[in-house]
Each structure stands twice: as structure tokens, then as C-alpha cells.
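K.L.:
Below are the sequence and a predicted model; questions follow.
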Amino acid sequence: MNALAATNRNFKLASRLLGLDSKLEKSLLIPFREIKVECTIPKDDGSLVSYVGFRVQHDNARGPMKGGIRYHPEVEPDEVNALAQLMTWKTAVANIPYGGAKGGIGCNPAELSISELERLTRVFTQKIHDLIGTHVDVPAPDMGTGPQTMAWILDEYSKFHGYSPAVVTGKPIDLGGSLGRDAATGRGVLFATEALLNEYGKSVSGQSFVIQGFGNVGSWAAQLISEKGGKVVAVSDVTGAIKNSNGIDIPSLLKHSSEHKGVKGFRGADPIDPKSILVEDCDVLIPAALGGVINKENANEIKAKFIIEAANHPTDPDADEILKKKGVVILPDIYANSGGVTVSYFEWVQNIQGFMWDEEKVNNELKNYMTRGFKDVKDMCKTHECDLRMGAFTLAVNRVARATVLRGWEA
Ligand SMILES: NC(=O)C1=CN([C@@H]2O[C@H](COP(=O)(O)OP(=O)(O)OC[C@H]3O[C@@H](n4cnc5c(N)ncnc54)[C@H](O)[C@@H]3O)[C@@H](O)[C@H]2O)C=CC1
Ligand SMILES: O=C(O)CCC(=O)C(=O)O
């Protein structure tokens with residue numbers, strides 16, 4: 001199922017459980033604004049090339065819109081729409097004062113030089129600068145982007161509006177980035193995993209893990225899980241997949257991956273078919289790369305007892321149904337990967353206050369938010385007798401619906 005159809009379906013199921021009327025439902029579903037821009041840049045050889053950039057601002061009932069910017073060849077309008085909507089629900093689950101947005105450029109960052117990426121980011125910022133802002137819409141990193149991308153956006157935006165560090169989060173520390181933001185999504189995944197396993201009388205130590213994706217989110221999740229005694233038995237990224245049933249030495253893999261730009265060729269594990277990564281034997285599966293990877297083609301083969309959605313929308317609704325019947329417990333993206341946007345919120349607050357927190361405070365606050373989020377989701381599961389995905393969706397949709405009605409926007 002297409003990402004937007006899948007996200008709309010989950011929203012509608014939650015709306016039905018909450019008994020929302022059709023007018024309110026429509027107002028919550030339709031995006032606030034969809035932006036599409038052409039970004040033409042000179043390549044290093046002097047030739048001109050054009051890319052299409054998107055920013056979808058889904059909802060701002062609870063505060064400025066918030067969400068990452070993705071550079072990936074498969075960026076397309078429906079997926080950006082789905083990701084923007086998911087941000088609205090994610091910020092509401094985390095109970096931080098934001099709405100939701102997402103952006104992206106359809107490009108392959110691996111094929112662009114640093115100076116081409118800088119020109120592309122600056123042109124994209126020039127095209128959208130009057131539609132984003134500290135109290136309007138605050139971008140952050142996502143797949144294929146990182147602190148350097150945020151630094152270029154900050155600099156380009158500041159040429160038009162004066163120095164504005166809080167216009168983006170996930171910045172380099174030297175430009176007002178928050179300590180702990182780099183690790184935050186992975187750390188949030190760890191806290192979410194601990195909260196879920198605790199419900200089943202288990203802990204991270206003693207469980208085996210398979211992780212798809214070894215970028216910002218996957219590599220931090222692997223590192224923090226292995227530090228807690230979890231056994232990471234298989235990992236994949238765009239270069240390939242590796243497996244060691246005795247447990248992969250994650251610090252060595254991190255070193256290998258940064259030197260060789262991927263996990264392929266790591267000597268401490270055997271190469272496996274990347275297609276099999278999601279169906280490898282393990283207790284906990286963590287998809288931390290692309291959307292839609294768990295679908296009706298592979299759901300029946302999945303062996304994990306728990307799935308922690310570190311990626312956005314990794315599970316297709318058809319697969320959700322199959323996995324539910326198999327008794328697999330899924331911790332949904334809008335809660336499980338909310339650690340990143342939560343620490344983005346801390347960064348924004350620090351920038352606005354002109355103050356810097358130490359890393360311990362950031363990590364402790366993140367743990368508080370993740371722990372409270374899990375309890376809030378569980379409470380909704382109890383109220384509506386539903387699974388964790390619907391628990392998270394009803395929690396979020398209810399919070400955004402209340403803000404919408406209070407602001408008089410439902411008509
Ligand atoms: N960066 C953040 O703070 C947050 C990211 N996310 C989500 O987490 C996921 C990963 O994002 P990041 O780690 O930031 O991106 P990233 O660009 O740092 O890393 C992406 C990883 O996925 C791998 N990958 C790409 N295609 C693949 C394929 N076909 N098979 C296996 N691996 C593949 C890449 O090789 C890389 O290891 C995305 O779904 C993103 O939306 C969610 C919340 C916050
Ligand atoms: O840190 C943020 O503002 C957003 C991160 C993001 O794009 C996501 O949670 O999917």
C-alpha cells in the first residue's frame with residue numbers, strides 16, 4: 001500500500017475509535033500547505049541540473065510545524081505527505097508543542113560532491129525561506145541529511161531574516177546544536193525498547209536484535225543496545241548485510257563502517273543476502289531505514305517476537321494484520337522514533353533561551369519523555385482495547401483534535 005494511503009488508513013481507524021465527526025476528520029487530514037519547488041544548480045563541471053524539492057506542512061494546531069528534510073532518490077509527493085502527517089501525530093504522542101511537516105529533495109546524495117550538496121541546499125532554502133521560521137516550521141535532519149545540511153540552511157535563511165539558530169534543529173554543536181541530538185533517535189529507540197520489554201518481564205540484555213539500516217538511527221541504536229548487553233546478530237545497510245549469531249562487535253563495526261562507508265566487507269561477521277535481513281532469527285527486529293519494507297510478501301516469514309519501528313512507516317497495514325495474528329508485538333514509529341524530535345524540541349528551547357544544557361540533562365529529560373509517552377500510549381490501548389499502533393494514533397489524534405476545536409478551526 002502507498003505510504004499516504006497507509007497513513008490515512010491508520011488515522012481513519014483512530015478517528016473511528018475516537019468517534020470524531022467527518023468535518024473534524026477532514027480538517028485534520030488535509031495538509032495545511034504543500035510546497036513544490038524546482039532547484040537548479042551548476043554541477044562541479046559547469047553543467048546545469050534540476051532537482052525537485054518538497055516541503056509539506058501538515059498541521060499547526062499545537063504549535064510550529066516540525067520535521068526532517070530527506071535527500072533520497074525515491075522522495076515523491078505522496079511519501080512526503082505521509083511523513084509530514086506522521087510528524088503531526090509523533091509530536092502529539094511526545095506531547096511537545098509542535099505540529100508536523102516533512103521535506104525532501106529527489107536526489108542521490110552519494111552521487112553529489114560536498115559543494116554540489118551545499119549549492120542544492122542553499123537553492124532549496126532560497127525557495128522556501130519565507131515559508132519556514134522559528135515559530136512557523138522548523139526543519140531537521142532525516143535520511144541523507146545531517147548537521148552540515150542544517151548549518152547551510154541556517155546560514156542561507158539568516159541572510160534573509162537575520163541570525164536565526166532556532167530555524168533548524170540537529171545543527172552542529174558549534175552553531176547552537178544540542179548535545180545529545182545526534183544520538184537522540186537511537187537513544188529514544190533504546191528507551192522505547194526497554195519500556196516495551198519491561199512489560200513482558202524482559203530486558204535488553206539477553207535479547208537478540210536484527211537492525212536494518214546503519215545510518216544515524218540504526219548505528220546509534222546498535223551501539224546503545226549493545227552497551228546494555230543486547231546481542232546484535234545481523235545488520236544491513238545500502239552496501240549489504242552481515243550476520244554473526246554469536247553477536248556482532250558493534251564498536252568494530254562502527255569503525256569499519258566509517259572507514260569503508262558501509263557494513264559490507266566487515267570481517268567479524270558473514271555476508272548474507274540483504275533481502276533476508278528482516279526474516280533472520282532474532283527476538284527483536286529494528287527496521288531503521290526505508291518505509292514499507294515489512295509487507296505482505298515477508299510478514300509471514302518474520303521470526304522476531306517484537307518489532308521496534310525506528311524508521312518511519314516501515315510496516316504496511318497488510319503486514320500489520322498478518323503480524324498481529326502471529327502474536328508479534330509492534331511498537332509504532334510515531335512513538336518508537338520520537339526521541340529525535342523530542343531532543344530537537346530541547347535544542348529549539350535552548351536556542352530561544354540562549355542557554356545550553358549539559359548532555360546528562362538532555363538524556364535524562366529524553367528518558368522522562370519516552371517513559372511518559374509509553375505510559376500514555378498504554379493507557380489509550382486500555383481505554384480503546386486496541387494494539388500499540390492504535391494506542392499511539394488515538395492518543396495523538398485526540399490531542400490534535402482537542403487543540404483544533406479549541407482554536408475554532410473544526411468548521
Ligand atoms: N535522523 C533522525 O533523527 C530520524 C530518522 N528517522 C527515520 O529513521 C530512518 C533512518 O534515518 P537516518 O538514520 O537518519 O538516515 P541515514 O541517512 O543516516 O541512514 C539511512 C541508513 O539506511 C540505509 N539504507 C538505505 N537504503 C537501504 C536499503 N535498501 N536496505 C538497507 N538499508 C538501507 C543506509 O545505507 C543507511 O545506513 C528513516 O526512516 C528516517 O525517516 C526517524 C526519526 C528521526
Ligand atoms: O528532529 C526533528 O525535528 C524531526 C525528525 C524527523 O524527521 C522524524 O522524527 O521523522
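P.N.:
Noted; the coordinates are in hand. Ligands and ions are numbered 1, 2, ... in the order given.
K.L.:
contacting residues for the residue lying farthest from the centre of the chain?
P.N.:
Ranked by distance from the centre of the chain (CA atoms, centre = their mean), the top residue is Gly46, with 35.4 Å. Applying CB atoms under 8 Å, 6 or more residues apart in numbering to Gly46 gives no contacts. For glycine as for every other residue, the C-beta is placed from the backbone atoms N, C-alpha and C.
K.L.:
And it, its phi and psi?
P.N.:
Gly46 adopts backbone torsions of phi 100, psi -20, taken as degrees, to the nearest 10.
K.L.:
Can you tell me how far it is from ligand 2?
P.N.:
From Gly46 over to ligand 2 the distance is 34 Å, taken as CB to the nearest ligand atom, to the nearest Å.
K.L.:
And for Asn298?
P.N.:
From Asn298 over to ligand 2 (counting by CB to the nearest ligand atom), the distance is 23 Å.
K.L.:
now swap in Gly53 and tell me
P.N.:
The value you get for Gly53 to ligand 2, if CB to the nearest ligand atom is used, is 16 Å.
K.L.:
now that residue, which residues is it bridged with?
P.N.:
The partner list for Gly53 in beta bridges (DSSP bridges) reads Val37, Ile105.
K.L.:
What about it, how many residues nearby?
P.N.:
By other CB atoms under 10 Å, the residues close to Gly53 number 25.
K.L.:
List the residues that contact it.
P.N.:
Lys36, Val37, Glu38, Cys39, Gly103, Gly104, Ile105, Gly106, Phe124, Lys127, Ile128.
K.L.:
Does the fourth one touch Lys127 like I think?
P.N.:
Going back to what we said before, that points to Cys39. Yes: in this structure, Cys39 is within contact of Lys127 by CB atoms under 8 Å, at 6.6 Å.
K.L.:
How about the contacts made by whichever residue of the stretch 301-411 of the chain sits closest to ligand 2?
P.N.:
Proximity of the stretch 301-411 of the chain to ligand 2 (CB to the nearest ligand atom) peaks at Ser344, 3.3 Å away. Residues counted as contacts of Ser344 (CB under 8 Å, 6+ apart) are Lys66, Val138, Ala140, Thr169, Gly170, Ser178, Arg181, Ala184.
K.L.:
Of those, which belong to strands?
P.N.:
Mapping the contacts of Ser344 onto strands (DSSP state E) picks out Lys66, Val138, Ala140.
K.L.:
give the contact list for the closest residue to Val238 other than its chain neighbours.
P.N.:
Closest residue to Val238 apart from its sequence neighbours, by CB to CB, 6 or more residues apart in numbering: Gly262 at 6.8 Å. Contacts here follow CB under 8 Å, 6+ apart; on that basis Gly262 touches Phe214, Asp237, Val238, Thr239, Gly240.
K.L.:
what about the residue in the chain positioned nearest to ligand 2, distance to Val233?
P.N.:
Nearest residue of the chain to ligand 2: Gly68, at 2.6 Å (CB to the nearest ligand atom). In this structure, Gly68 and Val233 are 29 Å apart, going by CB to CB, to the nearest Å.
K.L.:
on that earlier part again, pick out the most distant pair among the contacts of Gly53.
P.N.:
Greatest spacing in the contacts of Gly53, by CB to CB: Gly106 and Ile128 (15.3 Å).
K.L.:
Return the helix or strand in this structure with minimum mean pLDDT.
P.N.:
Ranked by mean pLDDT, DSSP states H and E, the helix or strand of the chain with the weakest confidence is helix 22-29, at a mean of 94.
K.L.:
Just the C-alphas of it, formatted as CSV.
P.N.:
Taking C-alpha atoms only, helix 22-29 is exported to CSV below (Å, rounded to 0.1, in the frame of the first residue of the first chain):
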residue,chain,number,x,y,z
SER,A,22,-16.5,13.8,9.5
LYS,A,23,-15.8,17.6,9.3
LEU,A,24,-13.2,17.5,12.0
GLU,A,25,-11.7,14.3,10.4
LYS,A,26,-11.4,16.1,7.1
SER,A,27,-9.8,19.2,8.7
LEU,A,28,-7.2,17.0,10.5
LEU,A,29,-6.3,15.1,7.4
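K.L.:
In that helix, which residues are buried?
P.N.:
Leu24, Glu25, Ser27, Leu28 (16 or more other CB atoms under 10 Å).
K.L.:
Off-centre distance for it?
P.N.:
Distance, stretch centre to chain centre, for helix 22-29: 25 Å (CA atoms, centre = their mean, to the nearest Å).
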